[in-house]
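Undergrad: fold the following for me, if possible:
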Amino acid sequence: MTRSRRKILPALVGLLFLSSTCVFGQTAREYFQRGMGSYGQGNFDQAIFEFSKAIEVDPTLGIAYNNRGVVYAREGSLERAIADFTMAIANNSKDAQAYNNRGHAYTNLGRLSQAVEDYSRAIAIDSIYMKAYKNRGGAYFQLKEYNKAWADLFKVEELGGTVDHDFYQALKKATADLQLGNGMGQAGESR
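TA: Just a heads-up that it's a prediction; the model follows:
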């Protein structure tokens, strides 16, 4: 190699490195956008691939972890979803949606105390996040903490949201059954 080529080669390598760094920053967003498109079309495997590529390029892109977690949860890979929601939270501790999503995954696994904790964190970040109130109310219902479930459902209504009619009726029945059991005998008992 001649002397002039030896001087130019490091300069070209440096220039390529600098330009590739800029491209990677943009590419993470491009992968993310393609992931969103794939998800919207119902192509979940491709969405996971695109979100994974976005994360590979920019490991701090919390929304890519969150959205990949949503796809994993949809496919039933709840532990993988929880890991991704946890990474989204690690990248942005104020991500109410990631806390809510992780709480939903915990609910589906029957880990209700952890779910309530995450829903509560989401609400602490965003006090008008109706979905988190609804989800926490559902978790409280499963825990048989009916007064807390009612409080969350009333908060949803206060915020202008609607409560699922079937869930409302189930909570109403559970509360009535509890009151019957506490003072007037169990249903089906003879006095």
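
Undergrad: quick test: name the residue nearest the centre of the protein.
TA: Centroid-nearest residue in the chain: N101, 2.2 Å away (criterion: CA atoms, centre = their mean).

Undergrad: can you report how many residues neighbour the closest residue to that one other than its chain neighbours?
TA: Using CB to CB, 6 or more residues apart in numbering and skipping the chain neighbours, the partner closest in space to N101 is F85 (5.1 Å). (C-beta placed from N, C-alpha, C; glycine too.) For F85, the neighbour count with other CB atoms under 10 Å is 30.

Undergrad: you'd agree F85 is up against A98?
TA: Yes: counting by CB atoms under 8 Å, F85 touches A98, with 4.9 Å between them.

Undergrad: shared neighbours, these two?
TA: Common contacts of F85 and A98 (CB atoms under 8 Å, 6 or more residues apart in numbering): 65-66, 69.

Undergrad: where along the chain do the helices fall?
TA: 3-40, 44-57, 62-74, 78-91, 96-108, 112-125, 130-142, 146-158, 165-183 (DSSP state H).

Undergrad: thinking again about what came up before, pLDDT score for the residue nearest to the centre of the chain?
TA: Per-residue confidence (pLDDT) for N101: 98.

Undergrad: need the contact list for it.
TA: Listed by CB under 8 Å, 6+ apart, the contact partners of N101 are 66, 69-70, 73, 81, 85.

Undergrad: nearest residue to T27 other than its sequence neighbours?
TA: Per CB to CB, 6+ apart, closest to T27 is V57, 5.3 Å.

Undergrad: what does T86 give?
TA: R102 (6.7 Å).

Undergrad: got it, and K134?
TA: Nearest-residue entry for K134: V156, 5.7 Å, with adjacent residues in sequence omitted and distances by CB to CB, 6+ apart.

Undergrad: the one you found: neighbour count?
TA: V156: 18 surrounding residues under other CB under 10 Å.

Undergrad: where does the prediction get shaky in this protein?
TA: Where the chain drops to pLDDT under 70, the residues are 1-26, 181-191.

Undergrad: domain ranges for it?
TA: Residue ranges for the domains of the chain, per automatic domain parsing: 28-92, 116-180.

Undergrad: number of residues surrounding the residue nearest to T86?
TA: Number of residues near R102 (other CB under 10 Å) recorded here: 30.

Undergrad: that one against F85, yeah?
TA: Yes: applying CB under 8 Å, one finds R102 in contact with F85, separated by 3.6 Å.

Undergrad: list residues touching both of the two?
TA: Residues touching both R102 and F85 (CB under 8 Å, 6+ apart): G69.

Undergrad: which of the contacts of N101 sit farthest apart?
TA: The distance between the two most remote of these (CB to CB) is 10.5 Å, for N66 and A73.
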